[in-house]
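Participant: After the sequence you'll find the predicted model.
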Amino acid sequence: MKYFSNSQTRARNRRPPDLYEYYVDNYWFKTVDLENQVINEPLRGSHKADVVVVGGGFTGLSAAYHIRNKFPDKHIVLLEGACCGYGASGRNGGFCIATDLIREFQDAEPEVRQANLEISYYGLKFIKRMIAEHGLECDLEENGMLGVALNEKHVRELEAYQDKLKSFGLDSTLLRGEELEAEIKSPRFIAGLNIPHGAILNPAKLARGMKRIVEDVGVEVRERTVVTRITPGKSNYIDTELGDIRAPILVIALNAYAHKLGFFKNRVFPISVFQIATEPLSEAQCESIGWGNRQGLYDMRTMFSYLVLTQERRIVMGGSGAAYYDGDALSSGNDKTYTRRIIKDLFSFFPQLEGLGFDHAWGGTTTYTLNETPSVGMMGDHQNIYYGVGLSEGVPTTQTFGRIIADLMAGESNKFTNHYVVNNQIPYAGPTRIRGIFSRGARWMWEHSE
């Protein structure tokens with residue numbers, strides 16, 4: 001299947017594509033003092049490389065690291081339009097879900113299930129390896145996850161998910177009544193599934209830390225380098241605002257931004273999600289909601305909410321819906337309509353926090369595919385373009401995608417390169433002009449069905 005349209009390469013007198021939004025009021029960015037960090041110089045002039053990675057988020061950084069490990073003699077250049085971690089990687093909710101890639105297949109053999117589980121866990125293990133070997137600091141805490149039900153339908157969904165985890169040999173505990181209240185105190189939660197698999201972290205620290213690590217192992221990182229055009233070929237040509245570069249191997253790690261350069265058009269929906277960060281909770285406020293184990297918390301609605309309690313005792317909360325802007329437009333960085341929904345949901349979950357203030361609100365662009373499954377693989381007439389796309393949640397998955405890209409590049413056949421996400425066919429998403437109508441209709445249906 002062809003995932004690239006070269007119409008842009010023929011265009012003339014067209015302004016450069018919007019590949020990133022302006023600076024947003026992101027709490028995670030504040031924790032790394034991003035405004036005062038040194039951002040690398042852009043690419044200037046004409047260059048050549050063995051591998052060019054386009055995109056400085058988690059997938060691009062992981063791919064650069066893994067490729068460097070497998071091919072230590074290759075000259076690898078990573079291009080990022082703003083700064084590493086500026087997009088969805090540095091703006092998310094702080095979840096690190098260890099089980100995000102497990103999927104049941106009818107009559108799957110035990111070894112298939114085990115391989116599926118190991119691949120799903122790889123991303124979390126890789127982050128822990130970077131912490132141990134390279135001194136990565138990202139506030140990783142393996143506190144597990146807590147899914148909560150707001151009605152009996154959600155309870156049945158939690159029970160089904162518990163059965164799925166059990167089929168992979170993973171423990172979880174269904175909580176009700178006093179057992180649930182011992183974990184979290186909310187008048188809206190009628191049940192919860194306590195899952196001791198997964199972690200919370202600071203995504204901006206992870207991204208900026210990985211940028212340092214890939215530079216330490218010899219990858220050339222160019223930030224503030226907006227790619228304006230890509231011409232695939234035996235030698236791929238990448239044009240930027242201030243320079244250009246050629247390479248026989250290209251990695252597209254742009255996720256929701258890839259369509260701006262002609263990749264995956266009419267395959268992925270660029271959707272925008274939003275988060276808020278409260279002011280620090282007092283000790284009394286923390287006691288009033290429980291949550292002493294500080295798991296990643298999420299509810300079971302289709303348009304769900306997700307929450308973490310940071311080390312500063314702030315609640316970072318996101319979700320409560322997602323926006324699609326007509327014409328596949330990117331997020332503006334914020335949308336008060338969704339911010340208000342998040343705040344409303346927060347106080348409905350925890351009315352005992354009424355009056356709590358909010359210090360930050362931000363948003364960003366991610367992706368959605370009709371089969372709700374990401375894809376990683378290779379494409380192009382010369383099979384020399386590698387990609388990872390369709391990632392709407394799952395920080396560990398991005399790390400795993402970097403490993404898969406490197407393994408595919410090396411021509412390896414293993415449990416990673418044979419995983420179901422590799423060259424997963426992304427379904428046609430319909431013409432751009434009707435997506436706004438579809439997304440609004442789907443959102444109305446979801447909101448009124450739960």
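Facilitator: Alright, I've got the coordinates. Because the structure is predicted, anything quoted here is derived from the model rather than measured.

Participant: Show me where the stretch 351-450 of the chain has its strands.
Facilitator: Under the criterion DSSP state E, counting those that start in this stretch, the stretch 351-450 of the chain carries strands at the ranges 358-368, 375-379, 385-389.

Participant: angle of the first one against strand 385-389?
Facilitator: If you take axes from the mean of the first three to the mean of the last three Cα atoms, to 10 degrees, strand 358-368 sits at 130 degrees to strand 385-389.

Participant: starting at the chain centroid, how far to strand 358-368?
Facilitator: 12 Å (Cα atoms, centre = their mean, to the nearest Å).

Participant: what pLDDT, on average, does that strand get?
Facilitator: Averaged over strand 358-368, pLDDT sits at 92.

Participant: how about that strand: buried residues?
Facilitator: Of all the residues in strand 358-368, those buried under the rule 16 or more other Cβ atoms under 10 Å are Phe358, His360, Ala361, Trp362, Gly363, Gly364, Thr365, Thr366, Thr367, Tyr368. (C-beta placed from N, C-alpha, C; glycine too.)

Participant: other SSEs contacting that strand?
Facilitator: helix 27-31, strand 269-278, helix 336-349 (3 or more Cβ pairs under 8 Å, 6 or more residues apart in numbering; DSSP states H and E).

Participant: Can you tell me which of these is most buried?
Facilitator: Among these, strand 269-278 has the highest mean neighbour count (mean count of other Cβ atoms under 10 Å), at a mean of 24.

Participant: so that strand versus strand 358-368, what angle?
Facilitator: 160 degrees.

Participant: So what's the gap between the next helix or strand after strand 269-278 and the chain middle?
Facilitator: Moving toward the C-terminus from strand 269-278, the next helix or strand (DSSP states H and E) is helix 283-289. Put simply, helix 283-289 sits 31 Å off its chain's centre (Cα atoms, centre = their mean).

Participant: CA atoms of helix 283-289 as CSV?
Facilitator: Taking Å, rounded to 0.1, in the frame of the first residue of the first chain, the C-alpha atoms of helix 283-289 are listed here in CSV:
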residue,chain,number,x,y,z
GLU,A,283,-1.7,17.3,52.8
ALA,A,284,-5.4,17.5,53.9
GLN,A,285,-6.5,17.5,50.2
CYS,A,286,-4.4,14.5,49.5
GLU,A,287,-5.9,12.7,52.4
SER,A,288,-9.4,13.5,51.3
ILE,A,289,-9.0,11.7,47.9
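
Participant: ok so, going back, please name whichever of the helices and strands packed on strand 358-368 is nearest to Glu372.
Facilitator: strand 269-278 (10.9 Å; Cβ to Cβ).

Participant: Please tell me how far the closest one is from the chain's geometric centre.
Facilitator: 11 Å.

Participant: helices and strands around it, which ones?
Facilitator: By 3+ Cβ pairs under 8 Å, 6+ apart, strand 269-278 packs against strand 315-319, strand 323-324, helix 336-349, strand 358-368, helix 432-447.

Participant: Of the buried residues of strand 358-368, which is the nearest to Glu312?
Facilitator: His360 (11.6 Å).

Participant: So, low pLDDT: which residues of the stretch 51-200 of the chain?
Facilitator: The stretch 51-200 of the chain contains residues with pLDDT under 70 at 105-108.

Participant: mind listing the strands in it by residue range?
Facilitator: Using DSSP E, counting those that start in this stretch, strands in the stretch 51-200 of the chain cover 51-54, 76-79, 95-96, 145-149, 173-175, 191-195, 199-200.

Participant: residue contacts, the residue nearest to the spatial centre of the chain?
Facilitator: Central residue of the chain (Cα atoms, centre = their mean): Glu393, 4.6 Å from the mean position. Contact partners of Glu393, counting by Cβ atoms under 8 Å, 6 or more residues apart in numbering, are Asn92, Phe95, Ile97, Asp100, Thr366.

Participant: So which bits of the lengthiest helix in the chain are buried?
Facilitator: Longest helix in the chain, counting residues (DSSP state H): helix 110-134. Using 16+ other Cβ under 10 Å as the burial criterion, the residues of helix 110-134 that qualify are 113, 115-117, 119-124, 126-127, 130, 134.

Participant: and what of stretch 191-198?
Facilitator: Under 16+ other Cβ under 10 Å, the buried positions of stretch 191-198 are Ala191, Gly192, Leu193, Asn194, Ile195, Pro196, His197, Gly198.

Participant: out of these, who's nearest Ala284?
Facilitator: Once Cβ to Cβ is applied, the member of the buried residues of stretch 191-198 that ends up nearest Ala284 is Gly192, at 23.2 Å.

Participant: So what sits opposite that closest one in the bridge?
Facilitator: Val148, Leu175 (DSSP bridges).
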